[in-house]
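*Asks:* need a structure here:
(2 chains)
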Amino acid sequence: MAANCARVVGSLFGKSVNFASSTRPVTLQFCRQICGTPALRRKNLGPTVPETFTAEFIQKQVEEFEIGKRHLANMMGEDPENFTQEDIDRSIAYLFPSGLFEKRARPLMKHPVEIFPKQRAVQWGPDGRPFHFLFYTGKQAYYSLMHDLYGRVLKVEKHQDQLRAKGLFPTEPKQIALGPSRWLTKEEMEALLVEPISRQDYEHFIQLMERLLAMPCCSLEQQFVMSHRQQLEAQSMHQVVPPLQKDDAGVDFSTAEGRRKSSRGSVVVRDCGAGRLTVNGQDHLHYFPVLQDREQLMFPLQFCGLLGRFDLDCSVSGGGRSSQAGALRLAISRALLSFLSQSEGEAMRQAGLLTPDPRVRERKKPGQEGARRKFTWKKR
Amino acid sequence: MKQEEEADSHIFNMAASISGLLKPWTPRVLLVRWSRYNPYYLEPEVRKEAYSRPESELSAEEKEERELKKLRPIKAATNSTTSSLFNDPVLSKFINMMMKHGEKTLAREIMMQTLENIKRKQVEKYHKATDGQKEGIECNPYVVFHQALENCKPVVALASIQKGGKYYQVPIPVTGNRQRFLAMKWMITECRENKHRRTHMYEKLSQELLAAFANEGNVIRKKHELHKMAEANRAYAHYRWW
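*Replies:* Numbers count the residues shown, from 1 in each chain, chains lettered A, B, ... in the order given. Alright, predicted model coming up:
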């Protein structure tokens, strides 16, 4: 270790104090290199190659992870057999508390499969001969996929010719039931093939897939096509409906929060049948003297046709008058979800009532007067 | 379905990953016009009638759009839109264009006073008119406003196109948005500049709107002059290549 931390300090008087190992000669040096390591001294570094992890290395990491998991479970006094990833995260956060803001910089312990990027196994045998016949194209997975796809296109065409020869060619093309789905994106294709693809390659692939779909008898290759499509799920599934509670008087109520810019608001919607609105203890007419803000508060109720039915108890802080009204509007829409059916909730979502508004004030940039305004242009 | 897929793939080329599509977003290359919404988001539909139409009344495109809306996230509705009957997108646009230094309350107040003024004048005229003329007088200020703006919209405008070292004024057709913008802009500029300093804005605006409703006034004159210029430059119309 001492040999690594060599200190070479030259002075103007010609003396040189050298703590180096015996291999380094003592010379008059006017250079100051404090605490150098061989890695630092090595210049002219070539291009860095991404680290490749062998299969044995990954295997060893997996074993170490499993053993470490059991140790951790023992340390925390929990059952090593039923120690899940959430337990691991909780234990690590407890044992190594970190105040860092960047979540990815905090200590983490995850299965090696998630940490090390997925890499292909060695592509050639002990004699150096590659296994795959397309290895020397450089993009063997992509080209083999394109070959496979084109083979299927030809197969479907041959099938169509046979049907036409027999006279059984279908007059109405039987389309594959694609459902709500989309093609896999370029990133997803790269993850599937474990190989980088260029944009032109990806577009070529999509074009050939579309050509396959355009054929009348394409239902033969349904499974192949669907394996390259990602199902889209309805957005309404993501909505979190606040639970409907009952208070002591037997009145249904629900609570929700909303935000807009820097305002935070929360509302308690009661099914009394009065139609009263209280904001921060005051009547809404006093708190929001501007008509536009009151319109925004009534918007969700008016959209659902429930104007006189509910009692609203709102509290809001931060921001200006318009953003407070927007925060309350979002809170009211969310609270109303628990009183409405799913189709009405979906209608509210499509009206834009349930999306938190992401627009915030744009920062001022250096060299400009404001966010967009530039300084006055002077010719000289 | 094909166009949607192409649009989808185009949007996915712009967005990085699926989980990043639903968050507040900044584009990777900062364009001049960008918004905090990922381009994946769709515009909201605020009117109540659009949701009460049964399946049978819809055409194929509208059905497809409905299916698409179920799968995509939707932008939040703006501050000035509501689902009530009094919400008018054209009126909101006009109020925004009249607004100065972000004072929406003042702009809206001026607009409301203008509409009230128009109503008063029309009702006065109605009561003074004979029975035969009474049907011809429009008392609804919203109808007057919309019709006046319609009358102010130019059909053709001039564009400066360079050909052979010289710039020619070439007549070009005007799209719907541009027509509306020009009509509103002329109306507001006219009312701001050509009025006596003691006249209120709402007073001058109501006068101009009523004049435009009757196809008279400075704004209509400006539109006619633009049309005449376009007619005069008809010879260069073939310089347009789009």
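
*Asks:* check contacts around the spatially most central residue of chain B.
*Replies:* The centroid of chain B falls nearest to residue B:180 when counting by CA atoms, centre = their mean (4.6 Å). Taking CB atoms under 8 Å, 6 or more residues apart in numbering or on different chains, we find residue B:180 in contact with B:90, B:93, B:149, B:153. The C-beta positions use only the backbone N, C-alpha and C, and glycine is treated the same way.

*Asks:* Would you check which pair of those residues lies furthest apart?
*Replies:* B:93 and B:153 (13.3 Å; CB to CB).

*Asks:* All the strands of chain A, residue numbers only.
*Replies:* Using DSSP state E, the strands of chain A run over A:6-10, A:16-18, A:32-36, A:181-183, A:229-231, A:245-246, A:252-260, A:263-270, A:277-279, A:282-283, A:311-317.

*Asks:* got the phi/psi numbers for residue 100?
*Replies:* No chain in the question, so chain A it is. phi -70, psi 140 (degrees, to the nearest 10).

*Asks:* oops, I was thinking of chain B
*Replies:* Here is the backbone geometry of residue B:100 (degrees, to the nearest 10): phi -120, psi 140.

*Asks:* Report how many residues lie close to it.
*Replies:* Residue B:100 is flanked by 8 other residues according to other CB atoms under 10 Å in any protein chain shown.

*Asks:* so it touches residue B:110, yeah?
*Replies:* No - distance between residue B:100 and residue B:110: 10.5 Å, which falls outside the contact criterion (CB atoms under 8 Å).

*Asks:* so which helix or strand takes in the residue nearest to the centre of chain B?
*Replies:* Applying DSSP states H and E as the criterion places residue B:180 in helix B:176-193.

*Asks:* in the helix or strand following that helix, what's buried?
*Replies:* Where DSSP H and E defines the elements, the next helix or strand beyond helix B:176-193 is helix B:201-213. The neighbour-count check on helix B:201-213 (16 or more other CB atoms under 10 Å in any protein chain shown) flags B:201-213 as buried.

*Asks:* Give me the packing partners of helix B:201-213, helices and strands only.
*Replies:* helix B:104-128, helix B:141-152, helix B:176-193, helix B:218-232 (3 or more CB pairs under 8 Å, 6 or more residues apart in numbering or on different chains; DSSP states H and E).

*Asks:* Which strands or helices does the helix or strand following the first one pack on?
*Replies:* Pointing back at helix B:104-128 there. Next helix or strand after helix B:104-128 toward the C-terminus (DSSP H and E): helix B:131-134. Using 3+ CB pairs under 8 Å, 6+ apart, no helix or strand is in contact with helix B:131-134.

*Asks:* 10 Å instead?
*Replies:* Applying 3 or more CB pairs under 10 Å, 6 or more residues apart in numbering or on different chains; DSSP states H and E, one finds that helix B:131-134 contacts helix B:104-128.

*Asks:* Helix B:141-152 and the helix it packs on, what's the angle between them?
*Replies:* 100 degrees (axes from the mean of the first three to the mean of the last three CA atoms, to 10 degrees).

*Asks:* Which one of the residues in chain B is closest to chain A?
*Replies:* Using CB to the nearest CB, the single residue of chain B nearest to chain A is residue B:44, 2.8 Å away.

*Asks:* ok, now how distant is that residue from residue A:349?
*Replies:* With distances taken as CB to CB, to the nearest Å, residue B:44 is found 9 Å from residue A:349.

*Asks:* who's more crowded, these two?
*Replies:* Taking neighbours as other CB under 10 Å, residue B:44 and residue A:349 compare with residue A:349 leading, 22 against 19.

*Asks:* Let me see the contact set for that one.
*Replies:* The contact partners of residue A:349, taken as CB atoms under 10 Å, 6 or more residues apart in numbering or on different chains, are A:235, A:236, A:238, A:239, A:333, A:337, A:355, B:44, B:69, B:70, B:73, B:74.

*Asks:* Count the neighbours of residue B:50 for me.
*Replies:* Neighbour count of residue B:50, defined by other CB under 10 Å: 14.

*Asks:* Kindly report the same for residue A:197.
*Replies:* Counted with other CB under 10 Å, residue A:197 comes out at 20.

*Asks:* Report the contact partners of the one residue in chain A that gets nearest to chain B.
*Replies:* At 2.8 Å from chain B, residue A:352 is the closest residue in chain A, using CB to the nearest CB. For residue A:352, the contacting residues are A:299, A:333, B:41-46, B:74-78, B:81, by CB under 10 Å, 6+ apart.

*Asks:* 6 Å instead?
*Replies:* Residue A:352 makes contacts with B:44, B:74, B:75, B:76, B:77, as judged by CB atoms under 6 Å, 6 or more residues apart in numbering or on different chains.

*Asks:* neighbours of residue B:153, just the number please.
*Replies:* The tally of other residues near residue B:153 (other CB under 10 Å) stands at 17.

*Asks:* need the contact list for it.
*Replies:* Contacts of residue B:153 (CB under 6 Å, 6+ apart): B:179, B:183.

*Asks:* roughly how far apart are it and residue A:94?
*Replies:* Distance from residue B:153 to residue A:94, by CB to CB: 68 Å.

*Asks:* And residue A:336, by the same measure?
*Replies:* The spacing between residue A:336 and residue A:94, counted by CB to CB, is 40 Å.

*Asks:* Those two: who's more crowded?
*Replies:* Using other CB under 10 Å, the more surrounded residue of residue A:336 and residue A:94 is residue A:336, with 26 against 9.

*Asks:* Skipping its backbone neighbours, what lies nearest the more buried one in space?
*Replies:* residue A:300 (5.6 Å; CB to CB, 6 or more residues apart in numbering or on different chains).

*Asks:* All the helices of the stretch 251-380 of chain A, in order from the start?
*Replies:* Counting by DSSP state H, counting those that start in this stretch, one finds helices in the stretch 251-380 of chain A at the ranges A:284-287, A:291-304, A:321-336, A:342-350.

*Asks:* Turn those into CSV, columns for mean pLDDT.
*Replies:* Formatted as CSV, these follow (pLDDT from 0 to 100):
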stretch, mean pLDDT
helix A:284-287, 95
helix A:291-304, 95
helix A:321-336, 96
helix A:342-350, 92
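
*Asks:* Tell me which of those lies nearest to residue A:231.
*Replies:* Proximity to residue A:231 (CB to CB) singles out helix A:342-350 among these, at 18.8 Å.
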